Every structure is written in C-alpha cells, then in structure tokens.
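**Q** I would like the atomic coordinates for the input below:
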Amino acid sequence: YSYGDTIILNEPKRYGYHFSGWKINDVMTNVITPTMQGDLVIEAIWIGRTINLNGMVSVHNVSSTAEIINLSNLTTPSTGIVFNIPSNVLQVTFIGSTSKRYRARINIANRSTSLLINLENVDFISPNGYHCIDAGKGNYSLHLNCVGTNSLIGGSGLYDGNDNGLSGYYGILAYRLFIYGDSLSVTGGNGSNGLNGTNGERGMDGVNGPSGDAFNPIQGDSGTDGTDGTNGTNGGHGGFAIYTISRYYNSCNQLTLTGGRGGNGGAGGNGGAGGNGASDDSSSIFTGVGDPGNGGNGGNGGNGGNAGSGQYANNNDLNGNRSQNGTPGRGGTGGAGGTGGLAGSYGNDGTDGSFGLSGLNGTIISQYYIKLNCLSDTSMRIVLSPSGESFIELTIQCQGMYFIETNSVYGTNMYLLDYNKNLVSNVNGFR
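**A** This is a model prediction of the structure:
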C-alpha cells in the first residue's frame, strides 16, 4: 500500500468457518487509513471448531457459532441421531462418506437469522416420524451448499389413533430455501402401510344334542355364527421431498427431487368359521328324537384398506418426480359355514360368509396447496372440480379465529396438524 491510501479489506471466505473480522496491528478494523505507515500486520479472525464424532451417538448439540462435524467414524443407533442447531449458530458443516449412510435428522431451533449448512458427501435417512431437515420454525432463509454427492430422505409416516397409516415426512421443511453447489438428491418419506385386519373367531359348537320324545321333540343346539374379520386400515400418503412455506431457489448443478411412495392398504381379516350343530349321540330309540342342531354361519371377511397416494416432489411447483401409489389391501376371505349336526336327519349347514371388498387405489385427482397471507387475506373461496377426489392443504402461520366449511355433498374429512404434522385432537386447546 502507499501512504495516504484508503483501502477497505474485502470479506474472505473459508470453508466451514465464520469470518469475524480483520485485525490490523491488533486493532479490529477492515480499513487501512491514509495516516497508516510502515509495516502492517493484517490478520483474519475466524470462528469455528472441528468435531470428530466417534462410535455410537444418538444426540449432538451444536455449540459453536461455526462447527465442522466429521462423520467418518460415527455409528448411528437404530433410532438415529439428531443434530440440534440452536439460534446462535451461523454455519454448520457435515462431512460424510460416499459409501456410508447415516440414520440422522437435523433439527433447527426457532430463529430469525439465516443459517448456512454445508453438506459434503452426506447421505442421511431420517428416523420414521421426522423430517430429515426441519427448518420450519421461524421466518428465515436456510442455505444449503452441496459439496460432492449428497442425499436426504424424509422419515416414513407413523399411525393415527385408528391405526391408519400417516403421510411420510419431508426431506426438507423450510420457510425459505436456497440450494447451490454440486449434487443433491432429496426424497420424501414413504407413507406407512395400513395394518391388516384381524381374523374373525370361530363359532362355538352346539353343546346339547337333540332330545325329548315323540310327543315333545327338542332340537339340538345350533352352532353359533363365526364373527366377521375386521377391515384393514388405510395406507398413508407419501411425503414431499421439499416443502417450503415461502419458496425455494435452486442453482445446484444437479438436484433430484422425488416424492414419497404411498403406503399399502392393510388386508381385511378373514371371517371366522361357523360352529357345528350338535349331533344325536343317543343310543336309545326313545330319546333324542328332536332334530340335530344347525351349523352356524361363517363370518364375513373384512374389507381391505385403501392405498396411500404417491406424493409430488415439492409443494410450490410440479418439478421433480412424483412417486407411485401404494397397493390396495385385499379383501378378507369369508368364513366357512358350520356343519349341521348328525342324526337320522341332518341339521342344516350354515352358510358361508361373504368375501370382503378390496381397498381402493390411491387416487388424489386434484391437489391444492394454499398459504394464508396474514396481512391481506380475510376470506378465501376455492372452487373444485365437481367430480373426483381432491386434497387441500392450507398452511396458516398467524393467530386468530378461522371458520372452515365445505359445500361438498360427497363428504369431507378435515384434520388439524401442527407444524411438525402431528395430529391435533384437542382443537379448542390448540395454540
């Protein structure tokens, strides 16, 4: 430099570290002033540390403003590892391996400042019931810088109170998302499969055989009916690869998005067989002259559960790959009728139970994803196609009282979920 010059030092970049400022001759400043002369000692101040995770680890709480996490020696338990990132952290770097997959998820606390996450050859599949990267708490921008080849997969869905499969979770949930760098594949979690129905129970055999005399014949006990098999439960829908409350921006060299697969419907339970009617086991010609008991009817097979639908890749546009629907559950088999009791004349056989119906294919004909603008929207009306099934997801991120009604003559199912897609059963107590 020359005496009398004014030079403003640019902000440098160092992978994985946060730049805190320049120090010139032990004074924090980024300006060489005109009065400075002689030799100057210029030092860049970096904040960051490197963590090597070794062995079995289930929780890691990021504690440095900038942290580099080396995963090469990490072993994750079957329940996975959660990386908790608090609001004061500005940058986190994950360094993985091209040949190792980790059951892991990243949970980011509520914040208002941007966060940079570097992914270097990372392959994460989230535990069931969680998003792989949950950045949905707070209105801020998440920046993903991808180095090498990276993959994120959302967790599969769980079950609701009726054992129906729930939707898969997202690969990434964020308010605003920026993706850049080399290669990233993001896949939504699969909807969980419906549970199979339970088989019906066999009917009880008749106990008392025919009795009485020629003037007062008494029929033997009939077998009781077999019980019906229960219905299989429904499979859940697949999850989005990326779900952004605002939107996402991509300048990644290679970005592959795939929605989660719909869950299979559960098979219906088989009907129970009818009980056998009581037979005449008397050796006397003067007793047991009543008719033998009738066989019980077989129980009906349960219906198969409906299949979940494969999901679109993201909620803001239709780019990426929609996944396949689940397979409907098969109907249960009807139970066999019970056998009529034996005697000089047979009792009547019970009738066979009917077969259950197979579940339906996952078919969401129309999908609508709507975000309520708290500052301008006072009412909203949606006109749907008069035929076919529609799925509407309404995101609300503001306090208030809302009235939601439908004019559908075909029936409507409404569910209230919190931001993490947990079902809210106590609507009046929800905040």
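**Q** Next up, the contacts around G206.
**A** G206 makes contact with 220-223, 275-278, 293, 341, according to C-beta atoms under 8 Å, 6 or more residues apart in numbering. (Each C-beta comes from the backbone N, C-alpha and C, glycine too.)
**Q** can I get those residues in JSON lines with neighbour count, secondary structure and distance to A241?
**A** As requested, the contacts of G206 are arranged in JSON lines below (neighbours: other C-beta atoms under 10 Å; DSSP: H, G, I helix; E, B strand; the rest coil; distance: C-beta to C-beta, whole Å):
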{"residue": "G220", "neighbour count": "27", "secondary structure": "coil", "distance to A241": "65"}
{"residue": "D221", "neighbour count": "21", "secondary structure": "coil", "distance to A241": "62"}
{"residue": "S222", "neighbour count": "27", "secondary structure": "coil", "distance to A241": "59"}
{"residue": "G223", "neighbour count": "31", "secondary structure": "coil", "distance to A241": "56"}
{"residue": "G275", "neighbour count": "28", "secondary structure": "coil", "distance to A241": "54"}
{"residue": "N276", "neighbour count": "27", "secondary structure": "coil", "distance to A241": "57"}
{"residue": "G277", "neighbour count": "31", "secondary structure": "coil", "distance to A241": "60"}
{"residue": "A278", "neighbour count": "27", "secondary structure": "coil", "distance to A241": "63"}
{"residue": "G293", "neighbour count": "29", "secondary structure": "coil", "distance to A241": "62"}
{"residue": "G341", "neighbour count": "29", "secondary structure": "coil", "distance to A241": "63"}
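**Q** What is the most widely separated pair among those residues?
**A** Largest separation among those by C-beta to C-beta: G220 and G275, giving 12.1 Å.
**Q** Distance-wise, check Y17 relative to E67.
**A** Applying C-beta to C-beta, to the nearest Å, the value for Y17 to E67 is 10 Å.
**Q** that older thread, out of the contacts of G206, the closest to N52 would be?
**A** Nearest to N52 out of these is G275 (C-beta to C-beta; 67.6 Å).
**Q** Name the nearest residue to the closest one, ignoring sequence neighbours.
**A** Closest residue in space to G275, ignoring its immediate chain neighbours: G223 at 2.8 Å, by C-beta to C-beta, 6 or more residues apart in numbering.
**Q** so who does that neighbour touch?
**A** If you count contacts by C-beta under 8 Å, 6+ apart, then G223 has 203-206, 274-278, 293-296, 338-339, 350 around it.
**Q** for it, phi and psi?
**A** Main-chain dihedrals, G223, degrees, to the nearest 10: phi -70, psi 150.
**Q** Give me the pLDDT for it.
**A** Note on G223: pLDDT of 82.
**Q** which residues do Y17 and E67 both contact?
**A** Common contact partners of Y17 and E67 (C-beta under 8 Å, 6+ apart): 48, 91.
**Q** At which residues are the strands of the stretch 51-200 of the chain located?
**A** 55-56, 59-61, 66-70, 74-75, 81-85, 91-95, 102-108, 115-120, 123-125, 133-135, 141-153, 172-187 (DSSP state E, counting those that start in this stretch).
**Q** I'd like to know which elements the first one is packed against.
**A** Under the contact criterion of 3 or more C-beta pairs under 8 Å, 6 or more residues apart in numbering; DSSP states H and E, strand 55-56 touches strand 74-75.
**Q** to the chain's geometric centre, what's the distance from the strand it packs on?
**A** Averaging C-alpha positions (C-alpha atoms, centre = their mean, to the nearest Å) puts strand 74-75 25 Å from its chain's average.
**Q** didn't T233 look like it was pressed against G194?
**A** Yes. Between T233 and G194 there is a contact under C-beta atoms under 8 Å: 4.0 Å.
**Q** Between these two, which has more neighbouring residues?
**A** Remark: of T233 and G194, G194 carries more neighbours, 30 against 26, as counted by other C-beta atoms under 10 Å.
**Q** from what I can see that one touches G262, true?
**A** No. Counting by C-beta under 8 Å, G194 does not reach G262; the two are 10.5 Å apart.
**Q** the helices in the protein, which residues?
**A** Ranges of helices within the chain: none, based on DSSP state H.
**Q** For the strands of the stretch 51-200 of the chain, please prepare a markdown table with the additional fields mean pLDDT, mean neighbour count and distance to I47.
**A** Below are those laid out as a markdown table (pLDDT from 0 to 100; neighbours: other C-beta atoms under 10 Å; distance: least, C-beta to C-beta, whole Å):
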| stretch | mean pLDDT | mean neighbour count | distance to I47 |
| --- | --- | --- | --- |
| strand 55-56 | 91 | 8 | 27 |
| strand 59-61 | 96 | 13 | 18 |
| strand 66-70 | 95 | 21 | 5 |
| strand 74-75 | 91 | 16 | 24 |
| strand 81-85 | 97 | 20 | 15 |
| strand 91-95 | 97 | 23 | 9 |
| strand 102-108 | 97 | 22 | 19 |
| strand 115-120 | 96 | 22 | 13 |
| strand 123-125 | 97 | 23 | 25 |
| strand 133-135 | 96 | 26 | 22 |
| strand 141-153 | 96 | 21 | 17 |
| strand 172-187 | 93 | 22 | 22 |
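**Q** Give me the neighbour count for Y1.
**A** 10.
**Q** measure it to M36 for me?
**A** Y1 is 8 Å from M36, by C-beta to C-beta.
**Q** Then T149?
**A** 47 Å.
**Q** Any regions of this protein where pLDDT drops low?
**A** Under the criterion pLDDT under 70, the flagged ranges of the chain are 214, 280-291, 312, 315-402, 407-411, 418-422, 425-431.
**Q** Try it again at 50.
**A** For the chain, residues meeting the criterion pLDDT under 50 lie at 288, 318, 343-346, 363-367, 386-388, 429-431.
**Q** I45: how many residues sit nearby?
**A** Counted with other C-beta under 10 Å, residues neighbouring I45 total 12.
**Q** Now do stretch 187-206: distance from first to last residue.
**A** End-to-end span of stretch 187-206 (C-alpha to C-alpha, to the nearest Å): 58 Å.
**Q** can you give me the offset of it from its chain's centre?
**A** Per C-alpha atoms, centre = their mean, the centroid offset for stretch 187-206 relative to its chain is 20 Å.
**Q** burial of the closest residue to I32 other than its chain neighbours, as a residue count?
**A** Among residues not flanking I32 along the chain, I7 sits closest, at 4.1 Å (C-beta to C-beta, 6+ apart). By other C-beta under 10 Å, 13 other residues sit near I7.
**Q** picking that back up, let me have the contacts of G206 in a markdown table, adding distance to E11 as columns.
**A** A markdown table is the format used below for these (distance: C-beta to C-beta, whole Å):
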| residue | distance to E11 |
| --- | --- |
| G220 | 96 |
| D221 | 92 |
| S222 | 90 |
| G223 | 86 |
| G275 | 84 |
| N276 | 88 |
| G277 | 91 |
| A278 | 93 |
| G293 | 93 |
| G341 | 94 |
